[in-house]
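Asker: Here's my sequence, what's the structure:
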Amino acid sequence: MSETPRFGSAGLSDSYPGKTFDPEGIASYTAGFGLTAFEYQCGRGVRLALDKAAALGKACGARDIALSVHAPYYISMSSLEEEKRLHSIDYLLQSCALVKALGGRRVIFHTGSCGKQSREEALEKALDTMRRAVKACDEAGFEDCILCPETMGKVNQLGTLDEVLALCQVDERITPCIDFGHLYARSQGIQFAETTAQEDYAALLDKLQILGPERAAHFHAHFSRIAYTKGGEKCHLTFADTEFGPPHAPLLTLLKARGMAPTIICESAGTQAEDAQTLSRVYAAL
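Answerer: Numbers count the residues shown, from 1 in each chain. All right, here's what the predicted structure looks like:
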């Protein structure tokens, strides 16, 4: 496992010139920005054929680009509809099959919303689904896959830092995906505000230690600037849009000082590769 952070993009930026699936083109484009990670997007469903995935994995592996998969958005581990809740496990299994074909291990997913139940009830359902998902992965031969529940940006969604860490307690392989922009947005810009970002990031990194040194040091992360409303996340922005945060420099400074090595995937709106390159360059210059 890398001892320094990996920086990468969530899918391809608007500047990507290709219009067809081209493993060598995607790998070359990503490497051209100096990136060492790439998150394949399956938000609308797992649709990439496994042979094509293997070709992309080979092309990226030759350039030391680690691959992960973002599972479908319609996963709902806390749904009041039992059928929908349990179908979420099938979507995770599909995502695991794809990430294995890609030569990666990490599957990132949203846990869903609370709906018409309390946060406590929603979390209990999600914990049950998580236990079932781990068992299903083991039975399907995906025991080496790493499930990564993501912190979420809307107030009514399940996915506070504490809720995600609770899900990670189900199994020692489960690793959090800390979306710093989401946490900033759901706090109405209070957490990771410019004036308190350094101490807020430090407090979060301290809290991750509950997972033990290995998971704490190698957590998964998403980063982008995000606009928000009273309900939390509104939309993803680019690094050029500076009205909203969070700032990245204080986080990168802390990661370097503490010797932590997460995989950081940039989710900027259309400039994710370019902004991931900025993250990488800022870190390297520290």
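Asker: In which helix or strand does residue 44 reside?
Answerer: Under DSSP states H and E, no helix or strand contains residue 44.
Asker: Settle this for me: it is touching residue 91, isn't it.
Answerer: No: look at residue 44 against residue 91 with Cβ atoms under 8 Å: they stay out of range, at 11.3 Å. No exception for glycine: its C-beta is placed from N, CA and C like everyone else's.
Asker: Now for these two: what residues contact both?
Answerer: Jointly contacting residue 44 and residue 91 under the rule Cβ atoms under 8 Å, 6 or more residues apart in numbering are residue 72.
Asker: Would you agree residue 39 falls within a strand?
Answerer: Yes: under DSSP: H, G, I helix; E, B strand; the rest coil, residue 39 sits within a strand.
Asker: ok, it to residue 258 distance?
Answerer: Counting by Cβ to Cβ, to the nearest Å, the separation of residue 39 from residue 258 is 24 Å.
Asker: So which of those two has more stuff around it?
Answerer: Taking neighbours as other Cβ atoms under 10 Å, residue 39 and residue 258 compare with residue 39 leading, 25 against 13.
Asker: Where do the helices of the stretch 151-286 of the chain begin and end?
Answerer: Along the stretch 151-286 of the chain, counting by DSSP state H, counting those that start in this stretch, helices occupy 161-168, 180-186, 197-207, 213-217, 249-258, 272-285.
Asker: so how far is the fourth one from its chain's centroid?
Answerer: On the basis of Cα atoms, centre = their mean, to the nearest Å, helix 213-217 sits 16 Å off its chain's mean C-alpha point.
Asker: What residues of that helix count as buried?
Answerer: 215-217 (16 or more other Cβ atoms under 10 Å).
Asker: Out of those residues, the closest to residue 5 would be?
Answerer: residue 217 (10.0 Å; Cβ to Cβ).
Asker: residue contacts, that closest one?
Answerer: With Cβ under 8 Å, 6+ apart, residue 217 has these contacts: 259-262.
Asker: swap in residue 146?
Answerer: 105-107, 173-175.
Asker: Show me where the stretch 1-150 of the chain dips below the pLDDT cut-off.
Answerer: Counting by pLDDT under 70, the stretch 1-150 of the chain shows low-confidence ranges at 1.
Asker: hmm, 90 instead?
Answerer: Within the stretch 1-150 of the chain, the ranges that satisfy pLDDT under 90 run 1-3, 18-19, 115.
Asker: Where do the helices of it begin and end?
Answerer: Using DSSP H, counting those that start in this stretch, helices in the stretch 1-150 of the chain cover 23-32, 50-61, 82-102, 119-139.
Asker: between the last one and helix 82-102, how big is the angle?
Answerer: To tie it back to what came earlier, the one meant is helix 119-139. 50 degrees (axes from the mean of the first three to the mean of the last three Cα atoms, to 10 degrees).
Asker: can you pull the buried residues of helix 119-139?
Answerer: Applying 16+ other Cβ under 10 Å to helix 119-139 flags 122-123, 125-127, 129-130, 132-134, 136-137 as buried.
Asker: And the contacts of that helix?
Answerer: Contact with helix 119-139 is made by 77-80, 85-86, 88-89, 92-93, 96, 111-115, 117, 143, 145, 147, 149, 158, 163, 166-167, 170-171, 173-174, as judged by Cβ under 8 Å, 6+ apart.
Asker: From those, keep the buried residues only.
Answerer: The neighbour count (16+ other Cβ under 10 Å) marks 77-79, 85-86, 88-89, 92-93, 96, 111-114, 117, 145, 147, 149, 158, 163, 166-167, 170-171, 173-174 as buried among these.
Asker: Check the burial of residue 243 by counting its neighbours.
Answerer: Residue 243 has 7 neighbours, counted by other Cβ under 10 Å.
Asker: ok, now how distant is the residue nearest to it when sequence neighbours are not counted from residue 251?
Answerer: In space, residue 243 comes closest to residue 227 once its chain neighbours are excluded; the distance is 7.5 Å by Cβ to Cβ, 6 or more residues apart in numbering. With distances taken as Cβ to Cβ, residue 227 is found 19 Å from residue 251.
Asker: Look at these two and report which has more neighbours.
Answerer: Taking other Cβ under 10 Å, residue 227 and residue 251 do not tie; residue 251 has more neighbours (27 against 16).
Asker: thinking that one is in contact with residue 197, fair?
Answerer: Yes: between residue 251 and residue 197 a contact is recorded at 7.4 Å, counting by Cβ under 8 Å.
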